[in-house]
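A.B. asks: Sequence first, predicted coordinates after that:
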Amino acid sequence: MSPTLPFHPLVLIDLGGTFAFAISGAVAARQASLDLFGILALAYITACGGGIARDLCIGAVPPAGMADYRYLLVALIAAVTTIGAYRWVTRLRYPVLLFDALGLGLFAVVGAHKALALGHNAEVAIIVGVLTAIGGGVTRDVLLGRVSVVLKREIYAMAALLGAALAVVGTRLGWPPLWSTWVPIAACVALRLMSMRFGWNLPRFVVER
Amino acid sequence: MSPTLPFHPLVLIDLGGTFAFAISGAVAARQASLDLFGILALAYITACGGGIARDLCIGAVPPAGMADYRYLLVALIAAVTTIGAYRWVTRLRYPVLLFDALGLGLFAVVGAHKALALGHNAEVAIIVGVLTAIGGGVTRDVLLGRVSVVLKREIYAMAALLGAALAVVGTRLGWPPLWSTWVPIAACVALRLMSMRFGWNLPRFVVER
Amino acid sequence: MSPTLPFHPLVLIDLGGTFAFAISGAVAARQASLDLFGILALAYITACGGGIARDLCIGAVPPAGMADYRYLLVALIAAVTTIGAYRWVTRLRYPVLLFDALGLGLFAVVGAHKALALGHNAEVAIIVGVLTAIGGGVTRDVLLGRVSVVLKREIYAMAALLGAALAVVGTRLGWPPLWSTWVPIAACVALRLMSMRFGWNLPRFVVER
């Protein structure tokens, strides 16, 4: 995605989502007592790791998260903000969760569209859409030596899956681009926000011994 | 590998191996209390992660494990089976170990052959053969926050190495394709099954303090 | 990098750095009670994992760490040495740390130059330079289920960042190749060695609760 209008809503959500993802990486890194480099690195990897994995899988090298300086810049600003204004960032909890949800929807949908635009099939598009949305967060947790919350609870990856699948379905059904972008994003964000509001979780299955 | 005969033995082993690998991912995910998405994701990653890593390394994008819907489908069936019939799956322990061994051999040999077919050298073929066979299992354990059993005990990766190396040697010596496929698979599976039967392990080295 | 003179200083540092990185992987694997395969695998991954990740990101497949047998060979020699002469290796602590620092500088600078040579921009070059230098060590720690020391303390990744950034700046400023290679390596190695000598660390930020 290379939007040309600086105030296009997609750009704002993209950078806002990158910022929110980077905040979550920096906060987790700081809580794990990483040093300055570790905090910067985790902010960047959480924000851009999913997109980088997507680009490797669909043959788009170098990955946009490396070649486009804006992603790195926004991630570094988020990291420095987390370091310098930690109390303020923790008080920003709700805006950050909102932008995280928006970023989740946008990353899943844009990831799927990018795969389709490069000629890949529906299955590849859905898988890399989900990978774009959750890859950074899972990598953050792997680097911190813990099982990722993305795999354990909350409707998070499933919301990304809904967004990516709707983006593919809409494109295949010939929806106009505006629809096949915004309807899936709205569905993903709505599911994510409602699951947080109402405490929805996916089922887990107790092991019978 | 794109076999055209649906009942070709390679297809049966390939899908059987995928199923067995996915079962091991789903069982481990369930034991680690992952949610529904986590179980589906770990089944898929355990079954297809090695092949995806291989394809990234040899420039075959998109990876077959993403582009060919059969792998995803088989992994999801294995995950759902593990959820719905956990007792039955645990009673299936021996067939699953058998297909796991068959999958190990097939993945190592097919991985090596795919690298050779794309013009890569012997070293690349052997390394990506082993990567195909063990990459999914190692990724499963990394995502679950534990040191992979593949790196710690049992003759598992070494059996894959034997299979991949024999596939390369056989091809270089001009064996007919049938031989350079089945002899290495048989050697890998035999070594794996015998090591389980007789409790063979690779040496470990106690650290002298 | 494919140097043709066997005793070119870059070759010596490259193989010496590979050896030092592989030693650190093999020692860590042995201390974690991995088996023979685990020790060999961790030596190889620690030495070559960063370069492999770099090559995937800049589209240089197959990765040099897989296609060039010398890297694998040196890593295996380091692993076998660690197994057979563990006491001797631990007594080699200072030479290993020295070559580790040299390898860090060389990997960062050569990684950045390789990206530039393939036509990538400055940001890509700096990121993959750092990735080349620290990717193997981070992967080693992830496989051992621990938070990487690279992200937690010491001036290590930051020294690599200095080297990669100077290599890009020097190249952009039109320095002769010899300068834009050796000045950044020297700066990285000097910063790394001084930080070890004087116990420098990057700041960490205590979480206020």
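C.D. replies: Thanks, I have the structure now. Residues are numbered from 1 along each chain as shown, chains lettered A, B, ... in the order given.
A.B. asks: residue in chain A nearest to chain C?
C.D. replies: A:G38 (3.4 Å; C-beta to the nearest C-beta). (C-beta placed from N, C-alpha, C; glycine too.)
A.B. asks: Could you check how far the residue nearest to that residue when sequence neighbours are not counted is from A:R91?
C.D. replies: Of all residues not flanking A:G38 in the chain, C:L151 sits nearest, at 3.4 Å (C-beta to C-beta, 6 or more residues apart in numbering or on different chains). Separation of C:L151 from A:R91 (C-beta to C-beta, to the nearest Å) stands at 26 Å.
A.B. asks: Neighbour count for the two, which is higher?
C.D. replies: Under the criterion of other C-beta atoms under 10 Å in any protein chain shown, the comparison of C:L151 against A:R91 puts C:L151 first, with 25 against 11.
A.B. asks: That one touches A:L40, doesn't it?
C.D. replies: No: applying C-beta atoms under 8 Å, one finds C:L151 not in contact with A:L40, separated by 9.8 Å.
A.B. asks: Please identify the residues of chain A in proximity to chain C?
C.D. replies: A:29-39, A:41-42, A:52, A:56, A:61-63, A:66-67, A:69, A:72, A:83, A:86-87, A:142-145 (C-beta under 8 Å from any C-beta of the partner chain).
A.B. asks: Give me the PyMOL select line for the residues you listed, limited to the buried ones.
C.D. replies: Command for PyMOL, covering only those of the residues of chain A next to chain C found buried under the criterion 16 or more other C-beta atoms under 10 Å in any protein chain shown:
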select buried, chain A and resi 29+30+32+33+34+35+36+37+38+39+41+42+52+56+61+62+63+66+67+72+83+86+142+143+144+145
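A.B. asks: Among the residues of chain A next to chain C, which are located in helices?
C.D. replies: By the criterion of DSSP state H, membership of the residues of chain A next to chain C in helices covers A:29-31, A:36-39, A:41-42, A:52, A:56, A:66-67, A:69, A:72, A:83, A:86-87, A:142-143.
A.B. asks: For A:L202, give me phi and psi.
C.D. replies: phi -80, psi 150 (degrees, to the nearest 10).
A.B. asks: mind listing what it touches?
C.D. replies: When contacts are counted by C-beta atoms under 8 Å, 6 or more residues apart in numbering or on different chains, A:L202 touches A:R153, A:E154, A:I155, A:M158, B:D35, B:L36, B:F37.
A.B. asks: which stretches of chain A have low pLDDT?
C.D. replies: A:1-9, A:207-209 (pLDDT under 70).
A.B. asks: Taking the centroid of it, which residue is nearest it?
C.D. replies: A:A133 (3.5 Å; C-alpha atoms, centre = their mean).
A.B. asks: and it, what element?
C.D. replies: Here A:A133, judged by DSSP states H and E, is contained in helix A:122-143.
A.B. asks: That helix and chain B in contact?
C.D. replies: Yes: on the criterion C-beta under 8 Å from any C-beta, helix A:122-143 is in touch with chain B at A:E123, A:V124, A:I127, A:V128, A:V138, A:V142.
A.B. asks: quick one: which of these has the most company?
C.D. replies: Of the residues of helix A:122-143 next to chain B, with other C-beta under 10 Å as the count, A:V128 tops at 30 neighbours.
A.B. asks: Next one: it from A:F19, what distance?
C.D. replies: To A:F19, A:V128 is 22 Å away according to C-beta to C-beta.
A.B. asks: buried residues in stretch A:107-120?
C.D. replies: Buried-residue list, stretch A:107-120, by 16+ other C-beta under 10 Å: A:F107, A:A108, A:V109, A:V110, A:G111, A:A112, A:H113, A:K114, A:A115, A:L116, A:L118, A:H120.
A.B. asks: Within reach of chain B, which of those are there?
C.D. replies: Okay, of those touching chain B (C-beta under 8 Å from any C-beta), that's A:A115, A:H120.
A.B. asks: Put together a markdown table for the buried residues of stretch A:107-120, with secondary structure and distance to A:V168 on each row.
C.D. replies: Listed next are those as a markdown table, based on DSSP: H, G, I helix; E, B strand; the rest coil; distance: C-beta to C-beta, whole Å:
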| residue | secondary structure | distance to A:V168 |
| --- | --- | --- |
| A:F107 | helix | 15 |
| A:A108 | helix | 11 |
| A:V109 | helix | 10 |
| A:V110 | helix | 13 |
| A:G111 | helix | 11 |
| A:A112 | helix | 6 |
| A:H113 | helix | 9 |
| A:K114 | helix | 12 |
| A:A115 | helix | 9 |
| A:L116 | helix | 7 |
| A:L118 | coil | 14 |
| A:H120 | coil | 10 |
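A.B. asks: what's stretch A:110-127 in contact with?
C.D. replies: Here stretch A:110-127 has contacts from A:1, A:10, A:14, A:50-51, A:54, A:57-60, A:128-133, A:161, A:163-165, A:167-168, A:171-172, A:180-181, A:184, B:62, B:66-67, B:69, B:72, using C-beta under 8 Å, 6+ apart.
A.B. asks: Distance from the chain centre to that stretch, please.
C.D. replies: Here stretch A:110-127 is found 16 Å from its chain centre; the criterion is C-alpha atoms, centre = their mean, to the nearest Å.
A.B. asks: Can you name the residue of chain A nearest chain B?
C.D. replies: Closest point on chain A to chain B, by C-beta to the nearest C-beta, is A:L151, at 3.4 Å.
A.B. asks: quick one, what contacts that residue?
C.D. replies: Here A:L151 is in contact with A:V138, A:A157, B:A29, B:L34, B:D35, B:F37, B:G38, B:A41, B:L42, B:L143 (C-beta under 8 Å, 6+ apart).
A.B. asks: Near chain B, which residues of chain A are found?
C.D. replies: Counting by C-beta under 8 Å from any C-beta, chain A sits next to chain B at A:56-59, A:115, A:120-121, A:123-124, A:127-128, A:138, A:142, A:145-148, A:150-153, A:157-158, A:161, A:201-205, A:207-208.
A.B. asks: that older thread, just name the closest of the contacts of A:L151 to A:G103, please.
C.D. replies: A:A157 (13.7 Å; C-beta to C-beta).
A.B. asks: correct me, but A:T46 touches A:F21?
C.D. replies: Yes: A:T46 is within contact range of A:F21, at 5.1 Å (criterion: C-beta under 8 Å).
A.B. asks: which residues do the two both contact?
C.D. replies: A:G136, A:G137.
A.B. asks: A:A164: what secondary structure?
C.D. replies: helix (DSSP: H, G, I helix; E, B strand; the rest coil).
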